[in-house]
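>>> quick one, structure for this:
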Amino acid sequence: MGNLMQSGSSTDKVNTDSSLKGSEDDMVVVLQDYPLPEISEPIYRMGEKLRLIAQEAYWWRVRSVQTQKENYIPNSHVAKVYHGWLFEGVERQKAEELLCLPGNRVGSFLVRESARERGLYSLSVKHRTITHYRIFRLDNSWYYISPRLTFQCLEDMINHYSDFADGLCCALTTPCLSGTTPPSDASLGAPPVVMRRNFDWKKIDRRQLVSTDSPSDNMVSYGVRNSIADYLSFSGNHSAQTRAESRKKKSKSLYALPDNGLGNIDYDDDF
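Numbers count the residues shown, from 1 in each chain. Next comes the predicted model:
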């Protein structure tokens, strides 16, 4: 853990920001249908993910993740996405529209960077409504939503709130638009159905139900195991504690003030 009050140089801040965006292939998400439906049948729909091929001034060349077809789209109609959850230059209202699209569920989220000022972030979470939280940054470049908990980077913040709500409206589950919708094609036919006979629940070890290791040897399909894992994560604290312990091995850059309260969380009403 770092020193909470240690100040970082401006160079450190630049490196911190660039590290969020430097290691992945460029992905963009469509912010509004293009072309508009009143003009012609849209080529790209709001919420669709595209691979950025080339940036050419106002027009960007993109490739559809679903169809692999390339085309051009105005850069005003898309936003870059990093790590699956960091959306660049997305305003509050557009974040709400994206989170309300089909495929998102309770706990779906995105971190959005202000279009007006770089380096300012907010967390938007789908619950009963879409709730927004301002993400603050200390002089030493650590981040926090509640002053009681500070994090060395945004990834650590997302990892923590994926394990515990800790004052948020709910724990984070999946990044916004993380589900992929296959292209509709009747020629694909129905998926094959595999039947397992002589299945006895009493003989199944609980670890087999939630484990993702060696899926070919598991007696329960991936979809069923995933559903059971989701149920267990909401039915008690044991699953959350297990996930927290596994994440703890990956990152320990969490600083918690010795306070029994939840601290003050700033709901983002303007940004």
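
>>> spatially nearest residue to residue 175 (excluding sequence neighbours)?
In this structure, residue 175 finds its nearest non-sequential neighbour in residue 85, 3.8 Å apart by Cβ to Cβ, 6 or more residues apart in numbering. In short, each C-beta sits where N, CA and C put it, glycine included.

>>> please tell me how far the one you found sits from residue 68.
24 Å (Cβ to Cβ, to the nearest Å).

>>> do residue 96 as well
30 Å.

>>> between the two, which one's more packed in?
Neighbours per residue (other Cβ atoms under 10 Å) separate residue 96 from residue 68, with residue 96 holding more: 15 against 9.

>>> that one and residue 69, how far apart?
Taking Cβ to Cβ, one finds residue 96 at 29 Å from residue 69.

>>> can you give me the strands in the protein?
Taking DSSP state E to define them, one finds strands in the chain at 27-30, 49-56, 59-64, 70-74, 78-82, 86-88, 109-113, 121-126, 130-137, 143-144, 149-151, 254-256.

>>> can you lay out these as TSV showing mean neighbour count?
Below are those laid out as TSV (neighbours: other Cβ atoms under 10 Å):
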stretch	mean neighbour count
strand 27-30	22
strand 49-56	16
strand 59-64	18
strand 70-74	15
strand 78-82	22
strand 86-88	22
strand 109-113	26
strand 121-126	24
strand 130-137	18
strand 143-144	20
strand 149-151	22
strand 254-256	16
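
>>> which of those strands comes out lowest on mean pLDDT?
Ranked on mean pLDDT, the bottom entry among those is strand 254-256, at a mean of 63.

>>> could you list the domains of this structure?
Domains of the chain are assigned by automatic domain parsing as 24-82, 84-179+203-271.

>>> least reliable of the ones you listed going by mean pLDDT?
When I compare those, domain 84-179+203-271 is least confident, with a mean of 78.

>>> export the strands of the chain to a markdown table and tack on distance to residue 41?
Listed next are the strands of the chain as a markdown table, based on distance: least, Cβ to Cβ, whole Å:
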| stretch | distance to residue 41 |
| --- | --- |
| strand 27-30 | 15 |
| strand 49-56 | 17 |
| strand 59-64 | 15 |
| strand 70-74 | 13 |
| strand 78-82 | 19 |
| strand 86-88 | 26 |
| strand 109-113 | 28 |
| strand 121-126 | 29 |
| strand 130-137 | 29 |
| strand 143-144 | 43 |
| strand 149-151 | 45 |
| strand 254-256 | 49 |
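
>>> looking at these, which is nearest to residue 162?
Closest approach to residue 162 among those (Cβ to Cβ): strand 109-113, 8.9 Å.

>>> dump the residue contacts of residue 104.
98, 126, 174, 176-177, 179 (Cβ atoms under 8 Å, 6 or more residues apart in numbering).

>>> next one: phi and psi at it?
Torsion angles at residue 104 (phi, psi; degrees, to the nearest 10) stand at phi -90, psi 150.

>>> contacts only, for residue 131.
124-125, 168-169, 267.

>>> and if you look at residue 94?
Residue 94 neighbours (Cβ under 8 Å, 6+ apart): residue 31.

>>> distance of it from residue 140?
Per Cβ to Cβ, residue 94 is found 31 Å from residue 140.

>>> output stretch 50-60 as CSV, nothing but the C-alphas.
Provided in CSV are the C-alpha atoms of stretch 50-60 (Å, rounded to 0.1, in the frame of the first residue of the first chain):
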residue,chain,number,x,y,z
LEU,A,50,-16.8,-1.6,-33.3
ARG,A,51,-13.1,-2.1,-33.9
LEU,A,52,-11.4,1.2,-34.8
ILE,A,53,-9.3,0.7,-37.9
ALA,A,54,-8.2,4.3,-38.7
GLN,A,55,-8.9,7.8,-37.6
GLU,A,56,-9.3,10.1,-40.5
ALA,A,57,-10.2,13.6,-39.2
TYR,A,58,-14.0,13.7,-38.9
TRP,A,59,-14.6,10.2,-40.2
TRP,A,60,-13.3,7.0,-38.6
